[in-house]
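*Asks:* Test case, fold it:
(one chain, ligands or ions: 1)
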Amino acid sequence: MRVGAGAANTHKAFKQLWAAFMSGMAAAALPPAKLAQQPAKLVFLGCPGVGKGTYASMLSDRLGIPHIAMGDLVREELLKSTPNAQKLKDLVNQGKLLSDDIVLNLLSSRLLRASENGEDGFILDGFPRTRSQAEILDQLTEIDLVVNLKLREDVLILKCLGRRICSGCGNNFNLADIDVQAENGHPRILMPAMLPPPTCASKLTIREDDTEDVIRERLRIYAQESKPVEDYYKQQNKLLDFDVGGGIPQTWPKLLRTLKLDTEDELKTQQL
Ligand SMILES: Nc1ncnc2c1ncn2[C@@H]1O[C@H](COP(=O)(O)OP(=O)(O)O)[C@@H](O)[C@H]1O
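*Replies:* Here you go, the predicted model:
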């Protein structure tokens, strides 16, 4: 996204977000002045593979606020040829979390850059992942809304295994063509593959931590460390659970509707 662009749009979108709060879509009861006066500060939670990065990035464009992805900050750090970077890489490739000190250092440099660039508000993706990180974040700033993306575990694994990144343009694709039948009261899940264009097809890379063993370890650690973060925000009435039950064409309008951010044109298209 272009930072600082479309202040009027941001303000409008922000007011819409506030309307969502007031209509009870999110359980939060925040003072209106907060949301009306400053751009939103949102957190995206969810297991590896749920699509946090995709939807956080789309929403950041929509709201005109920066998308800060902790995983991207970590991966930038891993590219440095320092002994410390190698140690961090070993941890990441085992699916382990990095220490609070390390991630807070990366996050504060990013937030410092944000304030130097005049950026306002943010969508934090991949932070906080532990209760202690959530408590530290609360000391730094007030979070307005926490969107908790949910998807069943077998699909999460398929999605992580299908993930590909183009080394040329950096875009993400997914080779997994998911069609999981309904069972035990769970609805059918259809997520068509997001295939790369021919120009990217020969340049696809796989994240080193996207192997089945490491994905399972990341999911285990998520359940252990990050589920308490959901409870933490639930107690603050800031948690909005959202089921990702399909591909982007179905899920994105549903997310906008849930946040009451869809425009009149989009509403008309959805009703056709
Ligand atoms: N908030 C955090 N605290 C500790 N480690 C983190 C955090 N965010 C990212 N990491 C590290 O970076 C890795 C990649 O992050 P990310 O791309 O967000 O992964 P995932 O696909 O597992 O959600 C994580 O597995 C972890 O090692």
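*Asks:* Could you pull out the buried residues of stretch 109-117?
*Replies:* Neighbour-count burial for stretch 109-117, with 16 or more other CB atoms under 10 Å as criterion, is recorded at 110-111, 114. For every residue, glycine as well, the C-beta is placed using N, CA and C.
*Asks:* Just the ones in helices from these, please.
*Replies:* Where those overlap with helices, as defined by DSSP state H, the overlap consists of 110-111, 114.
*Asks:* in the chain, which spans are helices?
*Replies:* Per DSSP H, the chain carries helices over the ranges 7-22, 32-37, 52-63, 70-78, 83-93, 100-116, 131-140, 153-162, 198-201, 212-221, 227-235, 248-258, 264-271.
*Asks:* mind checking how far Ser99 is from Val74?
*Replies:* As judged by CB to CB, to the nearest Å, Ser99 and Val74 stand 12 Å apart.
*Asks:* Pick out whichever of these two has more residues nearby.
*Replies:* Each of Ser99 and Val74 has its neighbours counted (other CB atoms under 10 Å); Val74 has more, 18 against 11.
*Asks:* Report the helix or strand with the lowest average pLDDT across the chain.
*Replies:* Between all helices and strands in the chain, the lowest mean by mean pLDDT, DSSP states H and E belongs to helix 32-37, at a mean of 35.
*Asks:* which residues touch the residue of the stretch 1-150 of the chain found nearest the ligand?
*Replies:* In the stretch 1-150 of the chain, the residue that lies nearest the ligand is Gly71 (2.1 Å; CB to the nearest ligand atom). Gly71 is in contact with 53, 125-126, counting by CB atoms under 8 Å, 6 or more residues apart in numbering.
*Asks:* Please list which of those also come close to the ligand.
*Replies:* Taking CB under 6 Å from any ligand atom as the test, the ligand is in contact with Gly126 out of the contacts of Gly71.
*Asks:* So what's the residue count around the closest residue to Ile206 other than its chain neighbours?
*Replies:* Distances taken as CB to CB, 6 or more residues apart in numbering put Arg164 closest to Ile206, at 6.3 Å, once the chain neighbours are dropped. Counted with other CB under 10 Å, residues neighbouring Arg164 total 22.
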